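Novice: Sharing a model prediction with you, sequence too.
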Amino acid sequence: MNPLWSDLETHVLEASSDLEVRGKCFYPEERKGEKFVITLRGSPSPVEFARTVADIQQRDADGMPRYRMYRGYQVPIFECPKGVARLRRERRADAWKAWMYVPESYIDNCLAILRTNAAQYIYIHEHIIEKERWINSFSVQSNDPTE
């Protein structure tokens, strides 16, 4: 940090929690054995998690909310986020990698599950937008997601 270019209210020191979760895919069958490395960075209030439905409603050139007709009613038009994080293939490490900001309490919850002796699973729901893979949802859990 360079104090010369900082706001006087900027914190001089900052701490964060990072959790790297690694695993191998077992479902679907065509991706069995692929490696995943997901890095979670804890933040007191991640910007993306503070967004509301009103924040993703499309706006016109004047900043007014956009609507369309659906069965005779005006309904809002939304521009949903692409996902929680981008999932990239790193050839050198031979793994799929993602990095995302999450609430600090989420990291605590993940650690609680990872400390148990029960089987541990990573559940990733991904989708492809414009040839890029995006994580739609992510969880660390102790029950088998395929059941």
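Specialist: Yes, it's here. Numbering: from 1, shown residues only.
Novice: Please count neighbours and contacts with C-alpha atoms only from this point.
Specialist: OK.
Novice: Please name the nearest non-neighbouring residue to Gly83.
Specialist: Excluding its sequence neighbours, the residue lying closest to Gly83 (CA to CA, 6 or more residues apart in numbering) is Asn136, at 4.8 Å.
Novice: what are the pairing partners of the helix or strand where that neighbour lies, and which direction each?
Specialist: Using DSSP states H and E, Asn136 falls within strand 132-141. Paired with strand 132-141 in the same sheet, following DSSP bridges, are strand 85-90 (antiparallel), strand 121-129 (antiparallel).
Novice: Adding mean pLDDT, write those strands out as TSV.
Specialist: Shown next, in TSV, are these (pLDDT from 0 to 100):
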stretch	mean pLDDT
strand 85-90	96
strand 121-129	94
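Novice: So which of these is nearest Phe26?
Specialist: Across the strands paired with strand 132-141, Phe26 has its closest neighbour in strand 121-129 (10.1 Å, CA to CA).
Novice: any idea how far Leu4 lies from Thr10?
Specialist: Using CA to CA, to the nearest Å, we find Leu4 at a distance of 11 Å from Thr10.
Novice: Sorry, slip of the keys, the one I care about is Arg68.
Specialist: 43 Å.
Novice: Pull out the buried positions in stretch 71-90.
Specialist: Pro76, Phe78, Gly83, Val84, Ala85, Arg86, Leu87 (16 or more other CA atoms under 10 Å).
Novice: Show me which of those is closest to Ala95.
Specialist: Each of those was scored against Ala95 by CA to CA, and Leu87 proved nearest at 10.1 Å.
Novice: contacting residues for the closest one?
Specialist: Trp96, Lys97, Ala98, Glu132, Arg133, Trp134, Ile135 (CA atoms under 8 Å, 6 or more residues apart in numbering).
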